[in-house]
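**Q** need coordinates for the below:
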Amino acid sequence: MALGCLFVAPRTRTRLQRRRWLDSTASANCQVKSREISMGWAIALHGGAGDIPRSLPPERREPRMATLRRCLDLAVAALQAGRTALDVVELVVRELENCPHFNAGKGSVLTTDGTVEMEASIMDGNTMSCGAVSGLSTVVNAISLARLVMEKTPHIYLAFHGAEAFARDQGVETRDPSHFITDENIERLRQAKQANRVQIDYTQPMKAQPPTDDNSRIGTVGCVAIDSSGNLATATSTGGLVNKMAGRIGDTPIIGAGTYANPLCAVSATGKGESIIRHTVARDVAALMEHRGLPLKEAAARVVAGVPRGDVGLVAVSVAGEVSMVYNTSGMFRACATEDGYSEVGIWPEADSDANANGEN
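**A** Numbers count the residues shown, from 1 in each chain. This next block holds a predicted model:
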């Protein structure tokens with residue numbers, strides 16, 4: 001959808017209401033055709049962007065790809081069954097959190113102290129309701145706790161001891177912190193400390209320190225969706241950076257940075273949190289659509305191009321049913337599907353990768 005004039009979208013709750021509103025905005029300077037509003041659902045998800053080597057062997061690549069395909073199938077079935085976009089993005093991110101191959105939940109990377117500090121956020125585009133959590137060390141599914149913050153408290157963001165106490169009050173599933181600490185991530189922390197650096201998703205080990213297991217390269221997860229009623233939603237979850245300082249908070253739980261949704265689009269970002277925060281990546285995509293009238297793909301491409309190379313990737317869907325999966329890293333684990341039958345699962349730019357299927361980036 002492209003609008004030729006400045007506008008601010010109201011908080012419409014259904015595709016029909018939004019369609020009527022868009023029709024009512026039509027004028028000589030701002031023409032909107034109702035046929036531009038897609039009546040179908042769309043879904044996109046990611047498993048992190050970064051320096052993903054093309055040498056990644058099949059036995060390390062395929063478990064991640066299989067998880068993306070499985071999550072995509074779950075999401076499509078849920079959308080076809082009439083589940084809301086909010087339910088679907090939570091469902092998908094929970095599944096990704098439960099997979100140790102990604103940097104969220106069970107696969108969360110370690111702080112410099114050797115601990116796990118997980119964070120997540122979720123947002124409903126039509127109501128602008130949102131919830132976020134960070135500093136979690138025992139909660140199995142951070143994304144579900146973020147949704148409870150959104151729905152059960154007057155706040156948006158809870159962190160560390162307060163978030164853990166809220167989790168206990170709500171009866172969500174928790175585990176001993178040792179549950180989240182894997183041998184692969186212990187080794188990855190050792191390598192990062194030896195190199196004296198903080199690592200984003202899929203950072204390659206120093207040449208002098210070959211990886212003992214390619215599962216050490218794991219990424220942040222996220223999902224965006226629009227359902228058949230026109231509801232938009234986004235969810236993102238991560239363990240953060242390898243060897244980060246204890247207490248560091250990244251872009252994932254910051255609304256407008258790593259996660260954002262409004263009645264026009266839903267965005268989930270991945271990459272170097274400090275860059276994503278500085279550039280307010282997720283909100284800027286929506287702002288370009290809202291204030292400059294750009295279609296989703298152009299807005300997303302412009303935002304990513306404005307972030308230092310190698311720092312960011314994102315997935316996004318629009319009210320018009322568009323899907324964008326764009327990144328300035330070497331690759332991004334990603335998948336998408338739309339009601340009209342389009343689907344894609346990939347890692348690297350499709351022209352050069354045999355891991356991609358059906359479509360364009």
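**Q** rest of the way, CA atoms for contacts and neighbours
**A** OK.
**Q** could you give the mean pLDDT of the longest helix seen in the chain?
**A** The helix of greatest length in the chain, counted in residues with DSSP state H as the criterion, is given as helix 58-80. Model confidence over helix 58-80, given as mean pLDDT, is 96.
**Q** low-confidence ranges, the stretch 1-150 of the chain, go.
**A** Across the stretch 1-150 of the chain, the stretches falling below the confidence threshold (pLDDT under 70) are 1-39.
**Q** residue 349 and residue 331 touch, don't they?
**A** Yes. Assessed by C-alpha atoms under 8 Å, residue 349 is found in contact with residue 331 at 7.0 Å.
**Q** the more surrounded of these two?
**A** In this comparison of residue 349 against residue 331, neighbours counted by other C-alpha atoms under 10 Å, the higher total goes to residue 331 at 22 against 17.
**Q** still on that earlier bit, report the buried residues of the longest helix of the chain.
**A** Along helix 58-80, these residues count as buried under the neighbour rule (16 or more other C-alpha atoms under 10 Å): 61, 64-65, 67-69, 71-72, 74-76, 78-79.
**Q** what residues does it touch?
**A** Defining contact as C-alpha atoms under 8 Å, 6 or more residues apart in numbering, one finds that helix 58-80 is touched by 41, 43-47, 85, 88-89, 91-92, 95-96, 99, 101-102, 214-215, 227-228, 333-337, 345-346.
**Q** that one: what's the following helix or strand?
**A** helix 85-97 (DSSP states H and E).
**Q** name every strand pairing with the following helix or strand past that following helix and say which way it goes.
**A** Downstream of helix 85-97, the first helix or strand assigned by DSSP H and E is strand 118-124. For strand 118-124, the paired strands and their directions (DSSP bridges) read strand 130-136 (antiparallel), strand 232-238 (antiparallel).
**Q** for the ones you listed, give me JSON lines that also has distance to residue 315 and mean neighbour count.
**A** Compiled in JSON lines, the strands paired with strand 118-124 are given as follows (distance: least, C-alpha to C-alpha, whole Å; neighbours: other C-alpha atoms under 10 Å):
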{"stretch": "strand 130-136", "distance to residue 315": "18", "mean neighbour count": "29"}
{"stretch": "strand 232-238", "distance to residue 315": "10", "mean neighbour count": "37"}
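**Q** so which of those strands is nearest residue 253?
**A** With distances scored as C-alpha to C-alpha, the stretch of these nearest to residue 253 is strand 130-136 (5.1 Å).
**Q** CSV please, covering the strands paired with strand 118-124 and showing distance to residue 167.
**A** CSV is the format used below for the strands paired with strand 118-124 (distance: least, C-alpha to C-alpha, whole Å):
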stretch, distance to residue 167
strand 130-136, 10
strand 232-238, 16
